[in-house]
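*Asks:* build the 3D model from these lines:
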Amino acid sequence: MRRLSKASKFNFFQLKEVKVLCRGKFDDDANLKGANRYMNMDYDLFMQEILKTARAEIEGAGYEQLRTPEAVEEAFARPGTTLVMVNSVCGCAGGIARPAAAQCVHYDKRPDNLVTVFAGQDKEATAAARYHFGEDHLPSSPSFVLLKDGQVVAEVGRYEIEGHDPMSVVTNLQANFEEHCDEL
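*Replies:* Numbers count the residues shown, from 1 in each chain. Here you go, the predicted structure:
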């Protein structure tokens, strides 16, 4: 049987394996609850590291994080064009949407403002953004919404991200920039 150190980082499948390995090793419920608390703590640390990395990736690409409803209202009131990336911790966000968000801005025409809300994390800010996107907007993450003078002019939803490669998402976003943005 493998021994797991406190410093171990777990993914979901490793956590399930630990629970199976631990079954029968604890002679009472109190010890088992302690082991579950320990595993949950490691999982929480693991998720915090994922969130930190996801936030750093999008900030490094030049996007401003909107973490409150007030920040959303302020950003959406700016004149010109604003690209909103609805970020997420899912695989298609990390493998497709965030790389596309970083790459799409390397274009002659691009939005004046780059902002992001983090679905599932900054819940009130995300709700404020989605409210602003209107009733026709499908609340999905990851996704992109292009605003012009505060009005929605284009969207790239999760169904146009998941299962696609980053460059096809970049091409889709840049086609929207070509139509709605000025050359910088």
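
*Asks:* going forward, measure contacts between C-alpha atoms and count neighbours the same way
*Replies:* Fine.

*Asks:* residue ranges in this protein under the pLDDT threshold?
*Replies:* 1-41 (pLDDT under 70).

*Asks:* for it, which segments count as strands?
*Replies:* Applying DSSP state E to the chain gives strands spanning 64-65, 81-87, 113-118, 143-148, 151-156.

*Asks:* out of those strands, which one sits most buried?
*Replies:* Mean neighbour count, computed with mean count of other C-alpha atoms under 10 Å, is highest for strand 81-87 among the strands of the chain, reaching a mean of 26.

*Asks:* ok, and what's touching that one?
*Replies:* 76, 93, 98, 101, 111-119, 126, 140-150, 180-181 (C-alpha atoms under 8 Å, 6 or more residues apart in numbering).

*Asks:* ok, now stretch 51-63?
*Replies:* Stretch 51-63 is contacted by residues Gln65, Ser88, Val89, Gly94, Arg98, Ala101, Ala102, Asn113, Leu114, Val115, Thr116 when judged by C-alpha under 8 Å, 6+ apart.

*Asks:* do you know how far Pro142 is from Asp42?
*Replies:* Using C-alpha to C-alpha, to the nearest Å, Pro142 is found at 26 Å from Asp42.

*Asks:* out of the two, which sits in the more crowded spot?
*Replies:* A count of neighbours by other C-alpha atoms under 10 Å puts Pro142 above the other of Pro142 and Asp42, at 28 against 19.
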